[in-house]
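Undergrad: Pasting the sequence and the predicted coordinates here, then a few questions.
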Amino acid sequence: MMEWTPSIDVVTVFVEDLAQTRAFYEVVFGATPVFQNQDSAVFKFGSLAVNLLEASSAPELIEPAKVGSPNAGARFQFTVMVDDVHAVCDLLASRGVSLLNGPMDRWWGMRTASFVDPAGYIWEVAQDLEAPAGG
């Protein structure tokens, strides 16, 4: 029997305004797309790629499933581990980002803060409070 240990390499998110969301990723994360065309822009975050795909182009990928409305509510969040949540929040603020919540210490030993990108996806920065300072 075949063994299979998959890893997630790409997350594709559907966006209503590709140009606005791409610009947000470029400014907030200081990232440059590793691929882009009129329908998508792909950004690398370590070994994971996030593909921003125009929602109007999504049906061909997922039919017969339906593309969800951006107003349907949050279904997941991206988490970026950092050494200092407060410092990252200061950086985000300098880049025009308003926090959804935080920074706050969570009962499970993490300090977190969250914000929303223009397409409505929630991003969290998280710091392990058990880890020694600086990593």
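TA: It's in.
Undergrad: What sits closest to E130 if chain neighbours are left out?
TA: Leaving aside its chain neighbours, E130 sits nearest to G109 (5.2 Å; criterion: C-beta to C-beta, 6 or more residues apart in numbering). For the C-beta atoms, the positions are set from N, CA and C on the backbone; glycine is no exception.
Undergrad: my read: that neighbour touches Q127, true?
TA: No. Between G109 and Q127 there is no contact under C-beta atoms under 8 Å: 9.8 Å.
Undergrad: the more surrounded of the two?
TA: Neighbours per residue, other C-beta atoms under 10 Å: of G109 and Q127, the larger number sits with Q127, 22 against 11.
Undergrad: how about the more buried one, secondary structure?
TA: strand (DSSP: H, G, I helix; E, B strand; the rest coil).
Undergrad: A strand includes Q20, no?
TA: No. Counting by three-state DSSP, Q20 is not found in a strand; it is helix.
Undergrad: From G120, how far out is it?
TA: 12 Å (C-beta to C-beta, to the nearest Å).
Undergrad: Compare the two (neighbour count), which wins?
TA: Between Q20 and G120, counted using other C-beta under 10 Å, G120 has the larger neighbour count: 18 against 12.
Undergrad: and the residue lying closest to the more buried one once chain neighbours are set aside, how many residues sit next to it?
TA: Nearest residue to G120, sequence neighbours excluded (C-beta to C-beta, 6+ apart): P70, at 4.8 Å. Per other C-beta under 10 Å, the neighbour tally for P70 reads 15.
Undergrad: List the residues that contact P70.
TA: Each residue near P70 by C-beta atoms under 8 Å, 6 or more residues apart in numbering is listed here: E16, A55, A119, G120.
Undergrad: where along the protein do the strands fall?
TA: 10-15, 35-36, 40-45, 48-54, 77-81, 99-105, 110-116, 122-128 (DSSP state E).
Undergrad: For the last one, name the packing helices and strands.
TA: Judged by 3 or more C-beta pairs under 8 Å, 6 or more residues apart in numbering; DSSP states H and E, strand 122-128 is in contact with strand 77-81, helix 85-94, strand 110-116.
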